[in-house]
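Student: Below is the sequence, then the predicted model.
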Amino acid sequence: MAEVTGTEKDSLGVNVVVARAGAGEDASRDAEACAVRRSELAALAPAELDGALARCFIGDRPLHEAQSASLAHLAAGRSCLTVMATGRGKSLIFHLHAARAAIARGEASVFVYPLRALVADQAYHLEEAFAEAGLGVAVVTGETAPGGRDEVFRALADGEVDALMTTPEFLERHAARFAESDRVRFLVIDEAHHVGLARAGHRPAYARLGLVLEALGHPVVCAVTATASDEVARVIRETLGIDEVVLDPSRRDNLQVADRRGLADKVGHLASVAARGEKLIVYVNSREQSVRIAERLRDSSARLASRTAFYNGGMARAARQAVERAFRAGEITVVVATSAFGEGVNIPDVRHVALFHLPFNRVEFNQMCGRAGRDGLPASVHLLFGERDARLNELILEAGAPDLDDLRLLYVALRERAADADGGWLEVTNAELAADVKNRRPRARLTDKGVSAGLGIFREVGLVTGEGAGSYRRLMLLPVEGKTDLTSSVRYAEGLGEADGFAAFRQWVLASPAGVLRRAFDRPILPGV
């Protein structure tokens, strides 16, 4: 099969891989098989169910001590904080418990992640894993349209969704809707160190999770992180009502750092690494760049031309799976990817991970670096990003949470155009609206993508409605009384949280010595140690 991605002429790219003919043609039969599988699992005794689910998720590999201890606490109804290094299997703990709670008792779980992009990437792989056990997964964040939110909550109440993935801002502001289903009995806080930092003004939604727990009827909580100092662990336990703490001191001493931050010829360095024939993942910050960098590597040598592929969230599921299979089998040795090639892609013999661009946050940084050397053999993390990459990330994040003054001017531009609109409907492009704002405020930084985010915020707070998509989209302003607080938008709050998180991460990751960066992903920070 071939996969073509890109939106501009010079960013089109093609992966060509071989796939089994007829794959994906029996979707209805697969759905029926999944339902039968769930029934079979429901008939098992608790210990047998645990074993069957573990084999479903990780094959015949045994759980390690910290995973087993955490699962035992959760099975006993005791909330648990688990601290272990990146790559040690924190996610498996709550995936297994959520699956057994759904199958054995019909209970639903809510997984809370700090970033919308992380929610999407995690959901992609979890959907497939859970489907094999007949379980349903859904995503709801500030970017979910109002109608989509209603559908997700209906499915949750009707038992069609077993695991619902979201952000802390969305959960906090819509806790009552989660509670209405009367099915949420398990709450997961991934990257739980954010809870411990929230009292200092960082991501305030985390500080209010205690109120969320009360609204949900105090479900069992699983908090996981690789970073929990004494104080952070104390705040996590107080806020979330944690009963037990499980610590895993294991270190990944097989990982080394090749510090090339600010390197001018990044592609040349990658080509020399790739020439060794060892598996290499190159992380970039956009779908377009995954295609472009892959093309440049293919052009650098005849050998790499047939052994390099790109991978991003814009590709169809079948194409993504084909690239993963080929990389796992060694048929290709280089994958240029966005963060979508992350959680759920557990390939043990990756010898090199290269961060071509700067990640957007410490979570991404740790997870990307943690892809290397999962078999315990020597592996290298190549840091190629620099100050210029930081500025590119800032522009991308600004589009997700535009300046409030720019948003106000965007609304003014919409009102002026609406005054001349026939029947109240506007047909206007994002580029035209961005130009309107720029004309009113030359210092405005609103881009086409920023306009798209702004319109999503307006829809959420009831200022605008629309129909259609792309070139066929139409907008209409809705009647409002008084002033509207744009900061009440969950989508806006999520965007601000991501931008604030990047500001602190940028300073740390560009200024810290290589040894400090390595310690961030090769070992956990444990309380009492």
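Tutor: Sure, I can see it.
Student: For the stretch 51-200 of the chain, which residues score under the pLDDT cut-off?
Tutor: Scanning the stretch 51-200 of the chain for pLDDT under 70 picks out the ranges 200.
Student: Now with 80, please.
Tutor: Scanning the stretch 51-200 of the chain for pLDDT under 80 picks out 199-200.
Student: where do the helices sit along it?
Tutor: Here the stretch 51-200 of the chain has its helices, by DSSP state H, counting those that start in this stretch, at 65-75, 90-105, 116-131, 146-157, 168-173, 175-180, 193-197.
Student: okay, the ones you listed, which one's buried deepest?
Tutor: Mean neighbour count (mean count of other CB atoms under 10 Å) peaks for helix 193-197 among the helices of the stretch 51-200 of the chain, with a mean of 26. From N, CA and C alone the C-beta is placed, and that goes for glycine too.
Student: give me the number of residues near residue 317?
Tutor: For residue 317, the neighbour count with other CB atoms under 10 Å is 11.
Student: same deal with residue 483?
Tutor: The burial count for residue 483: 6, using other CB under 10 Å.
Student: How much space separates it from residue 402?
Tutor: Distance, residue 483 to residue 402, using CB to CB, to the nearest Å: 18 Å.
Student: Same question for residue 194.
Tutor: From residue 194 to residue 402 the distance is 24 Å (CB to CB).
Student: ok, now residue 120?
Tutor: From residue 120 over to residue 402 (counting by CB to CB), the distance is 21 Å.
Student: next one: residue 239
Tutor: Look at residue 239 and residue 402: by CB to CB, they are 31 Å apart.
Student: separation between the spatially closest residue to residue 379 that is not a sequence neighbour and residue 167?
Tutor: Spatial nearest neighbour of residue 379, excluding adjacent residues (CB to CB, 6 or more residues apart in numbering): residue 373 at 2.8 Å. As defined by CB to CB, residue 373 lies at a distance of 31 Å from residue 167.
Student: Between those two, point out the one with more neighbours.
Tutor: Higher neighbour count among residue 373 and residue 167: residue 167, with 28 against 25, using other CB under 10 Å.
Student: The more buried one: what's it in contact with?
Tutor: 112-116, 119, 141-142, 205, 490, 494, 497 (CB atoms under 8 Å, 6 or more residues apart in numbering).
Student: Give the closest residue to the residue nearest the centre of the chain in space, chain neighbours not counted.
Tutor: For the chain, the residue nearest the mean C-alpha position is residue 118 (0.9 Å; CA atoms, centre = their mean). Taking CB to CB, 6+ apart, and ignoring the residues beside it in sequence, residue 118 has residue 363 as its nearest neighbour in space, at 6.4 Å.
Student: check contacts around that neighbour.
Tutor: Taking CB under 8 Å, 6+ apart as the test, what residue 363 contacts is 114-115, 118, 191.
Student: Next: residue 455.
Tutor: 410, 430, 464, 466, 475.
Student: try it again with 7 Å
Tutor: residue 464 (CB atoms under 7 Å, 6 or more residues apart in numbering).
Student: and it, helix, strand or coil?
Tutor: helix (DSSP: H, G, I helix; E, B strand; the rest coil).
Student: Would you quantify the distance from it to residue 355?
Tutor: Taking CB to CB, one finds residue 455 at 33 Å from residue 355.
Student: measure residue 417 to residue 442 for me?
Tutor: Distance of residue 417 to residue 442, given as CB to CB: 20 Å.
Student: brain fart, residue 479
Tutor: Distance from residue 479 to residue 442, by CB to CB: 32 Å.
Student: Could you do residue 199 as well?
Tutor: From residue 199 over to residue 442 (counting by CB to CB), the distance is 40 Å.
Student: Give me the more crowded residue out of those two.
Tutor: More crowded of residue 199 and residue 442, by other CB under 10 Å: residue 199, with 14 against 7.
Student: How about that one: what's its closest non-neighbour residue?
Tutor: Nearest non-adjacent residue to residue 199 (CB to CB, 6+ apart): residue 207, at 5.6 Å.
Student: Now the one you found: phi and psi?
Tutor: The phi/psi pair for residue 207 (degrees, to the nearest 10) reads phi -70, psi -20.
Student: and what of the one 4 residues further on?
Tutor: Reported as degrees, to the nearest 10, the phi and psi values for residue 211 are phi -70, psi -40.
Student: start at 33 instead
Tutor: Will do, 33 is the new start, and the previous item becomes residue 243.
Student: if we can go back for a sec, secondary structure class of the residue nearest to residue 150, three-state.
Tutor: Classified using three-state DSSP, residue 395 is helix.
Student: Can you tell me the closest non-neighbouring residue to residue 163?
Tutor: Closest residue in space to residue 163, ignoring its immediate chain neighbours: residue 66 at 5.5 Å, by CB to CB, 6+ apart.
Student: my bad, residue 365
Tutor: Nearest to residue 365 is residue 339, by CB to CB, 6+ apart, at 4.8 Å.
Student: How many residues are close by that neighbour?
Tutor: Residue 339: 20 neighbours (other CB under 10 Å).
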